[in-house]
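Undergrad: build me a model:
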Amino acid sequence: MRSAIHKLARCREITKTTSKRASTALLAVALVFVADCGKEVIPIPIPCPSCDTTAATACRYISLDDGTRIRTQYSPGQPDLPLVVAVHGFGGTYLDVHLVFPVGEFSTLSFSMPGSLCSDLLPQGTPHTVDKAAETLERALAEYQDVLDRFGEENVLVAGASFGGLVVVDYFARNPASRMGAVVVAGQDTPLNTASIDMIGGYLGLVDLLFPAADNTHLREYLASSRAFDVSAQTAATQNRWLVIGCTDDDMTPNVIAMYERLGERAQYAEIPGNHLTLLVNGDKIRQAVVDHLDFLLHGQ
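TA: The predicted structure is shown next:
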């Protein structure tokens, strides 16, 4: 834990000076890599932790229809707070949920997308896409139906940041009758900014040059799928409540507010300082935004 806190402190020092311009952002990503700041911006294989069950967390593997094994983790929290089902961002893992929701506070259910930490890659010939990640979310919810039943559908929040935000949006587009609350952080229901996608693609190319053994093909596939992602017509038909959280200087998701406005009275909007690269160090602000809007998400107030 001490090393994790030290790493986060170094992240804060670097990312607080990050410019919103794409050219500077690419340099900042490289600096974050050198500083060993976080899994979401370092798509290099790291050891998979053992799958243990303790009083604080319960690890479990689930399987997709094609046999792909997915790492999941459930952490119980305070009984008066809702369950948060968390979907990590690009290159992230099932562990990232605790950067926002500390263990023991909100109950959390998280998983690693196919190809991410401890989860299998999809079979050869099956591309890694937003839609496939949403299918994985559906399977995780089905496998943990007993947990969902204990909380009740309207006492569950499905939350995702960055690429994970797209996955959350896609889930509700596929399941418009769901009454679970949605929390979308720096995500939208239309394609991401092309220039930003190209920037990340350039970073992955740099990683490939520096670390030839790191196969990031699945990340390239996820990234490519975001170029054509558009479920804006489907989100208009959803019935749940939404909290849309944007960043003050985020060039990657220029249509966040447009999605919020399309959702009408079923959505509320919050904004946190910084840009897309500072999401990892803004966990406390994201959490506070969720807490501030809990009554609306759960009770419509």
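Undergrad: alpha carbons only for contacts and neighbour counts from here, please
TA: Will do.
Undergrad: spell out the residue ranges of the helices in the stretch 51-200 of the chain.
TA: Assigned by DSSP state H, counting those that start in this stretch, the helices in the stretch 51-200 of the chain fall at 130-143, 145-151, 163-174, 194-210.
Undergrad: mind listing what's buried in the shortest one?
TA: Same thing as helix 145-151. Going by neighbour count (16 or more other C-alpha atoms under 10 Å), the buried part of helix 145-151 is 148, 151.
Undergrad: swap in the last one?
TA: Going by neighbour count (16+ other C-alpha under 10 Å), the buried part of helix 194-210 is 196-197, 199-201, 203-204, 207-208.
Undergrad: may I see those organised as TSV, with pLDDT and distance to I286 added?
TA: Below are those laid out as TSV (pLDDT from 0 to 100; distance: C-alpha to C-alpha, whole Å):
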residue	pLDDT	distance to I286
S196	84	22
I197	86	23
M199	86	25
I200	86	23
G201	87	26
Y203	86	26
L204	85	27
V207	83	29
D208	82	32
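Undergrad: and which of those is nearest to A233?
TA: Using C-alpha to C-alpha, I197 comes nearest to A233 of the buried residues of helix 194-210, at 22.9 Å.
Undergrad: now for that closest one: which residues touch it?
TA: For I197, the contact set (C-alpha atoms under 8 Å, 6 or more residues apart in numbering) comprises 223, 227, 252.
Undergrad: now the buried members of these.
TA: 223, 252.
Undergrad: where are the low-confidence patches of the stretch 1-150 of the chain?
TA: Scanning the stretch 1-150 of the chain for pLDDT under 70 picks out 1-45.
Undergrad: tally of neighbours for the closest residue in space to E138 that isn't next to it in sequence?
TA: Once flanking residues are discounted, E138 sits nearest to Y171: 7.4 Å by C-alpha to C-alpha, 6 or more residues apart in numbering. When neighbours are defined as other C-alpha atoms under 10 Å, Y171 has 23 of them.
Undergrad: can you check E135 too?
TA: Using other C-alpha under 10 Å: E135 sits among 18 other residues.
Undergrad: for V168, see how far away it is.
TA: Separation of E135 from V168 (C-alpha to C-alpha, to the nearest Å) stands at 11 Å.
Undergrad: equivalent analysis for A267, please.
TA: A267 is 14 Å from V168, by C-alpha to C-alpha.
Undergrad: what's the answer for P47, then?
TA: The gap separating P47 from V168 is 27 Å, by C-alpha to C-alpha.
Undergrad: pick out whichever of the two has more residues nearby.
TA: V168 (30 against 7).
Undergrad: what about that one, distance to H293?
TA: The value you get for V168 to H293, if C-alpha to C-alpha is used, is 18 Å.
Undergrad: where do the strands of the stretch 1-150 of the chain begin and end?
TA: Secondary structure of the stretch 1-150 of the chain by DSSP state E, counting those that start in this stretch: the strands cover 58-63, 69-75, 83-87, 107-111.
Undergrad: can you redo the helices of the stretch 51-200 of the chain as CSV with distance to P114?
TA: Formatted as CSV, those follow (distance: least, C-alpha to C-alpha, whole Å):
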stretch, distance to P114
helix 130-143, 7
helix 145-151, 21
helix 163-174, 13
helix 194-210, 18
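Undergrad: between those, which one is closest to P79.
TA: Nearest of the helices of the stretch 51-200 of the chain to P79, taken as C-alpha to C-alpha: helix 145-151 at 9.1 Å.
Undergrad: what lies in contact with the closest one?
TA: Residues outside helix 145-151 that contact it (C-alpha under 8 Å, 6+ apart): 82-83, 141, 156.
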